[in-house]
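1. 3D, please:
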Amino acid sequence: VDPLPASAGNIISSATTVCQTQTGVTYTIPIIANATGYTWTLPAGANIVAGANTNQITVDFSDTAVSGDVTVSGANACGNGAASTAVAITVNALPASAGNITSSATPVCQNQTGVIYTIPAIAHATGYTWTLPAGANIVAGANTNQITVDFSDASSGQVTVKGTNACGDGVISAPLAVTVSTSLTPGVSLTSDANNNEIVQGIQVTFTATPSNTGTAPTYQWQIDGVNIAGATNDTYVTNTLKDGETVSVIVTASAPCITTSTASASLSMKVVSPPDQPLNVTGVSTLNEVVLSWETTGAGNESGFY
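-> Down below sits the predicted model:
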């Protein structure tokens, strides 16, 4: 009569606390009398990579491995012997995959400060590793799920983040593209359709503002001698009521995101001259050698006599 294998002894483990994806963990049992083989049980996600059916095995833990027990029993043709005392194995998880990054500003400007990037809290993460475009620097929140960034002479690039813990790194987030724009100074030029900016009083004149570096939707405010003109908010201004010496100005408010100042202005001083003398109606009566003349003006022109 062949005996069953003897009871298994105590398992010796190279690690009872492991990480997901950890490899090369060994478990050993003293040789079991009458055993021709060894039957091991492992936590889910743990796999024997060397030594199967022997008294020493090498185990790798997958990225989905969970905590559980390791046991072993001797085996032979008659059956299995009594199993060993279970060894509890704690499997610590890697950080979960990172979610989507949100930003308080996009695009950003060179030398812009206080831009915030946030990621939802990552399961099992004890820290966060961020990558930023060249020239961008974390000024608050390093190693957390929300950082504050200053851009100093930075260039365009990507922001990414991944969770970290003692076991390693989680899956990195999808990259967030960041466009870093150069700061521009808005400007505006002002012209009129009057020759040499000189008109006759009462003649209509059109002023045109031509903006630069102001974005796609600038706004306008026209002024005369520094006083806003009600309703004059287009890029042109038309009038026939100017007086000599009045100054026409335009203030442009920029809509561009990266500007050194929000407004630009330009002015023109106009020369307004009085209209020419109006024609005279002249009537006359001739009596022999004497001519009598009289006249009257038909407008507001200058009057002069005859001799």
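
2. Pull the number of nearby residues for residue 115.
-> 20 (other C-beta atoms under 10 Å). All C-beta atoms are positioned from the backbone trio N, CA, C, and that covers glycine.

3. Look up how far residue 160 lies from it.
-> Plainly put, residue 115 is 15 Å away from residue 160 if you go by C-beta to C-beta, to the nearest Å.

4. what do you get for residue 238?
-> 55 Å.

5. Please identify which of the two sits among more neighbours.
-> For the pair residue 238 and residue 160, the greater number of neighbours falls to residue 160 (17 against 12), based on other C-beta under 10 Å.

6. I'd like to know how far the more buried one sits from residue 174.
-> Taking C-beta to C-beta as the measure, residue 160 and residue 174 are separated by 8 Å.

7. ok, now which ones touch residue 96?
-> Contact analysis of residue 96 by C-beta atoms under 8 Å, 6 or more residues apart in numbering lists 122, 123, 124, 125, 163, 170, 171.

8. Confirm it sits in a strand?
-> No. Applying DSSP: H, G, I helix; E, B strand; the rest coil, one finds residue 96 to be coil, outside a strand.

9. which neighbours do residue 160 and residue 174 share?
-> Shared contacts of residue 160 and residue 174, defined by C-beta under 8 Å, 6+ apart, are found at residue 101.

10. Can you give me the end-to-end span of stretch 168-180?
-> For stretch 168-180, the separation between the terminal residues is 32 Å (C-alpha to C-alpha, to the nearest Å).

11. Stretch 74-83 now?
-> Start and end residues of stretch 74-83 are separated by 7 Å (C-alpha to C-alpha).

12. Can you point out the buried residues in it?
-> Buried residues in stretch 74-83, counting neighbours by 16 or more other C-beta atoms under 10 Å, are found at 74, 75, 76, 80, 81.

13. can you tell me which residues contact residue 56?
-> By C-beta under 8 Å, 6+ apart, the contact set of residue 56 is 26, 27, 28, 29.

14. Show me which of those is closest to residue 150.
-> For those, the residue nearest residue 150 by C-beta to C-beta is residue 26; the value is 49.5 Å.

15. burial of the closest one, as a residue count?
-> Neighbour number of residue 26 under other C-beta under 10 Å is 14.

16. Nearest spatial neighbour of it, chain-adjacent residues omitted?
-> Using C-beta to C-beta, 6 or more residues apart in numbering and skipping the chain neighbours, the partner closest in space to residue 26 is residue 14 (4.5 Å).

17. Residue 27 is in contact with that neighbour, correct?
-> Yes. Counting by C-beta atoms under 8 Å, residue 27 is a contact partner of residue 14 at 7.5 Å.

18. Have a look at those two and say which one is more surrounded.
-> Taking other C-beta under 10 Å, residue 14 and residue 27 do not tie; residue 27 has more neighbours (26 against 12).

19. Tell me the secondary structure at the more buried one.
-> strand.

20. mind checking how far residue 250 is from residue 84?
-> 90 Å.

21. Relative to the whole chain's centre, how far out is stretch 167-184?
-> Per C-alpha atoms, centre = their mean, to the nearest Å, the displacement of stretch 167-184 from the mean C-alpha position of its chain is 9 Å.

22. now stretch 36-44
-> How far stretch 36-44 lies from its chain's middle: 54 Å, per C-alpha atoms, centre = their mean.

23. ends of it, how far apart?
-> End residues of stretch 36-44 are separated by 26 Å (C-alpha to C-alpha).

24. going forward, begin numbering at 617 instead of 1
-> From this message on, residue numbering opens at 617, which makes the last subject stretch 652-660.

25. Can you tell me what sits against that stretch?
-> Contacts for stretch 652-660 (C-beta under 8 Å, 6+ apart): 621, 643, 645, 648, 664, 668-671, 673, 675, 680-693, 696, 705, 707.

26. which of the residues you listed count as buried?
-> By 16+ other C-beta under 10 Å, the contacts of stretch 652-660 give 621, 643, 645, 648, 671, 673, 675, 681, 684, 686-692, 696, 705, 707 as buried.

27. Out of those, list just those in strands.
-> 643, 673, 675, 684, 686-692, 696, 705, 707 (DSSP state E).

28. Please identify which of the residues you listed is nearest to residue 819.
-> Closest approach to residue 819 among those (C-beta to C-beta): residue 707, at 89.8 Å.

29. ok, now which ones touch that closest one?
-> Contacts of residue 707 (C-beta under 8 Å, 6+ apart): 634, 635, 636, 659, 661, 662, 677, 681, 682, 683, 684.

30. for residue 713, same thing?
-> Counted by C-beta under 8 Å, 6+ apart, residue 713 has contacts 738, 786, 787, 789.

31. where along the stretch 617-766 of the chain do the helices fall?
-> Using DSSP state H, counting those that start in this stretch, no helices are assigned anywhere in the stretch 617-766 of the chain.
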